[in-house]
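[1] Kindly generate the corresponding structure for this input.
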Amino acid sequence: MFARASILNIEQRGLRRLGCVAVKSPLALILALAITPIWGAGVRHFTPTQAVAVAVESNPNLKAARDAKTSAGAERLQAGLLPNPNLAATYDSVVGSVHDARSDAYSVGIDWEITKLLTLGPSLRAADAKYAAAGLDLAWEEFQTSEEARLEVVKYALAQKALAVTVRAEENLVVNARQIRAAGNSETALTLDVADAAASQAKVARSAQEQAVEDERLALNAALGLAPQEKFVVDAAAAISVLRSRELPETQMLTRSIEQLRPDLLALQMGQKSQDAKLRASILGRFPVVSLGVQQARDTGDIMTRGVTLTVSIPIFDRNQGAVATERATRQLLADEYAARVAKAQSDIAKALADFRLIRLQIQATETALAARRKLAATLETARRDGGVEATLIYTARADVTNSEGDLLKLEASLAETAAALALATGTDIFAQP
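    A predicted model of the protein is given here:
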């Protein structure tokens with residue numbers, strides 16, 4: 001028998017398995033995640049873990065999910081209520097009679113529909129399961145919000161690092177162009193033109209990256225539920241290090257546990273149990289409606305009577321067959337949706353793990369290429385001072401170094417995005433920091 005206690009245990013187990021979001025109260029979540037101060041010197045400082053706490057507490061998109069759980073709680077209350085009894089009374093005044101009438105007539109009766117007792121148990125189980133599903137849906141929304149916040153912190157930090165790369169490249173090229181111009185006739189006009197062009201191009205790249213940083217900041221503000229004008233400092237170095245170094249589990253191990261880990265799948269399981277109970281209630285609802293009552297009456301001959309009343313509906317046309325068919329179709333719909341979501345989750349896990357391993361290999365290759373390009377640029381700089389290398393080769397080498405540094409940061413951002421996709425597919429963040 002599907003008891004209310006077992007439903008709540010399943011809901012709590014699903015919440016506990018969410019890792020850093022495995023608490024029911026946002027306030028408790030903030031206390032649990034406040035490993036280091038979020039506030040300091042008038043400026044907000046966020047690590048990805050701290051951003052999770054703020055997002056779950058402040059993101060306005062979670063309000064609807066919390067309202068849905070409250071609504072499900074109200075439905076659970078309503079499902080346990082019994083129908084009210086009916087009171088009926090009549091009074092007949094004598095206005096004329098062939099025979100002598102001794103008194104006016106009246107009748108008083110009260111009856112109660114007892115058929116509700118048949119469907120009360122299934123209705124309560126359905127409401128309990130729906131309430132548990134609403135709690136798990138809320139946990140799933142909070143988990144998605146937390147992963148979005150975690151990802152946005154990393155992307156914002158990487159965008160700032162990319163801006164530092166472009167600023168450094170621009171400063172070096174501007175200084176270089178200034179030195180060439182100050183040298184006068186010792187440098188050719190072509191060399192000066194190349195230096196000016198490189199400095200201008202670096203300025204354009206810096207401006208574009210400044211816009212990218214601002215876009216990421218606004219995206220992070222939205223994920224955290226903060227005002228657009230809020231500014232803060234982020235630190236994602238430790239999170240990026242974990243993404244690059246933590247050992248990946250096997251695909252089979254992750255796919256085997258998703259039905260016990262992902263809150264949305266747990267919610268669908270509760271939805272199926274709720275629908276089974278609804279179907280049971282609708283089948284019992286085919287039983288004729290029965291009302292039982294008592295009545296007292298007096299006729300005009302002043303004779304008092306008391307008796308029992310029994311009212312039974314005759315199910316000739318409506319035998320609740322429409323409701324039964326609807327609940328059966330809904331149950332099949334939920335079963336099909338659950339199977340489809342499990343299959344998609346397994347596919348997403350396999351793809352995310354494959355992508356993650358590939359991006360790590362690309363990062364290693366990019367780091368190797370970056371080291372070689374830095375060495376080449378240094379060699380050309382040395383040769384340039386001896387007058388044996390054209391300026392265009394040097395600027396090309398410098399641009400290659402800057403591009404490789406940017407490519408490395410982009411790959412790290414892709415690594416963070418893939419980690420977020422893997423977390424959503426599995427229902428747990430395997431890269432979460434303790």
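[2] OK, contacts around the closest residue to P249 other than its chain neighbours?
    With sequence-adjacent residues excluded and distances taken as C-beta to C-beta, 6 or more residues apart in numbering, P249 is closest to I430, at 6.5 Å. For the C-beta atoms, the positions are set from N, CA and C on the backbone; glycine is no exception. Contact analysis of I430 by C-beta atoms under 8 Å, 6 or more residues apart in numbering lists R246, L248, P249, L254, L422, A423.
[3] As JSON lines, these with secondary structure, distance to A197 and neighbour count would be great.
    As requested, the contacts of I430 are arranged in JSON lines below (DSSP: H, G, I helix; E, B strand; the rest coil; distance: C-beta to C-beta, whole Å; neighbours: other C-beta atoms under 10 Å):
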{"residue": "R246", "secondary structure": "coil", "distance to A197": "44", "neighbour count": "13"}
{"residue": "L248", "secondary structure": "coil", "distance to A197": "45", "neighbour count": "14"}
{"residue": "P249", "secondary structure": "coil", "distance to A197": "50", "neighbour count": "14"}
{"residue": "L254", "secondary structure": "helix", "distance to A197": "51", "neighbour count": "23"}
{"residue": "L422", "secondary structure": "helix", "distance to A197": "43", "neighbour count": "24"}
{"residue": "A423", "secondary structure": "helix", "distance to A197": "45", "neighbour count": "22"}
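[4] Going by distance to D137, which of the residues you listed wins?
    D137 has its nearest neighbour among the contacts of I430 in A423, at 17.6 Å by C-beta to C-beta.
[5] phi, psi of F46?
    Backbone torsions of F46, given as degrees, to the nearest 10, read phi -120, psi 130.
[6] For it, the count of nearby residues, please.
    Per other C-beta atoms under 10 Å, the neighbour tally for F46 reads 24.
[7] next one: T382
    By other C-beta under 10 Å, the residues close to T382 number 11.
[8] For it, give me the pLDDT.
    Looking at T382, its pLDDT reads 84.
[9] What are the phi and psi values at it?
    When read as degrees, to the nearest 10, the backbone of T382 gives phi -60, psi -40.
[10] distance of it from Q296?
    Counting by C-beta to C-beta, to the nearest Å, the gap from T382 to Q296 is 115 Å.
[11] So, low pLDDT: which residues of the stretch 1-150 of the chain?
    1-43, 97-99 (pLDDT under 70).
[12] wait, which of the contacts of I430 is closest to A101?
    Nearest to A101 out of the contacts of I430 is A423 (C-beta to C-beta; 85.1 Å).
[13] Skipping its backbone neighbours, what lies nearest the closest one in space?
    Spatially, and ignoring its direct neighbours in sequence, A423 is nearest to D429 (4.3 Å; C-beta to C-beta, 6+ apart).
[14] Tell me both backbone torsions, phi and psi, for the residue nearest to P249.
    Dihedral angles of I430 (phi, psi; degrees, to the nearest 10) stand at phi -70, psi -10.
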